[in-house]
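Chemist: I need the structure of the sequence given here:
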Amino acid sequence: MNTLLEILLVEDNPHDAELAILALRKHNLAKRLVHVEDGRAALDFLFGTGAYEGRDVVLQPKVVLLDLKLPKVDGIEVLRQIRADERTKLLPVVILTSSRENSDLINAYQLGANSYIVKPVDFENFSDAVTHMGRYWLLLNEIPLMKP
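Modeler: The predicted structure is shown next:
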């Protein structure tokens, strides 16, 4: 897979985004991370549209960390569009959300989420969860090389 981008973090809460980035950086897992704050920006980034017009969409992240409760386009719709497109349908998507709603969990897995992590409330547990997730998806997991 490409070595230019490892993580697309889709998170509208600045505090949660900062904590996730700090935890990943602490363990050298966020060297190549892009953070966007809404679902529309995530889709634009992945598909090279809008503000990301002309971006080389062959260069996709190793993993997308996706919140569900997002402005403009919610996380479930982002996941739906990722899975519907040949260029991104195999892209690992980890739901990282505060939602414990069973319906969100079911929807996410039915649409092809690779993992569903509920954000721990306290900093230490949140940091540990993000670090473990990052190590697995960036260092251990293998993903197929998609052809353009």
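Chemist: tell me the strands in the chain, going along the chain?
Modeler: 7-10, 33-36, 63-66, 93-97, 115-118 (DSSP state E).
Chemist: residue boundaries of the helices in the chain?
Modeler: 14-26, 39-47, 75-84, 102-110, 123-134 (DSSP state H).
Chemist: Need the winner for burial among those.
Modeler: Among the helices of the chain, helix 39-47 has the highest mean neighbour count (mean count of other Cβ atoms under 10 Å), at a mean of 22. For the C-beta atoms, the positions are set from N, CA and C on the backbone; glycine is no exception.
Chemist: now what about that one, what contacts it?
Modeler: 8, 10, 34, 36, 49-53, 55, 57, 60, 64, 66, 70-75, 77-78, 81-82, 85, 87-88, 91 (Cβ atoms under 8 Å, 6 or more residues apart in numbering).
Chemist: Quick one: buried ones out of the residues you listed?
Modeler: Taking 16 or more other Cβ atoms under 10 Å as the criterion, what is buried in those is 8, 10, 34, 36, 52, 57, 60, 64, 66, 70, 73-75, 77-78, 81-82, 87-88, 91.
Chemist: Could you export the helices of the chain to a markdown table, including columns for mean pLDDT and distance to residue 116?
Modeler: Shown next, in a markdown table, are the helices of the chain (pLDDT from 0 to 100; distance: least, Cβ to Cβ, whole Å):
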| stretch | mean pLDDT | distance to residue 116 |
| --- | --- | --- |
| helix 14-26 | 90 | 16 |
| helix 39-47 | 97 | 17 |
| helix 75-84 | 97 | 11 |
| helix 102-110 | 95 | 5 |
| helix 123-134 | 87 | 11 |
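Chemist: Turn the ones you listed into a markdown table, columns for distance to residue 95.
Modeler: Converted to a markdown table, the helices of the chain look like this (distance: least, Cβ to Cβ, whole Å):
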| stretch | distance to residue 95 |
| --- | --- |
| helix 14-26 | 13 |
| helix 39-47 | 13 |
| helix 75-84 | 7 |
| helix 102-110 | 5 |
| helix 123-134 | 11 |
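Chemist: Of all the ones you listed, which one comes closest to residue 143?
Modeler: Distance to residue 143, taken as Cβ to Cβ, is lowest for helix 75-84 among these, at 13.4 Å.
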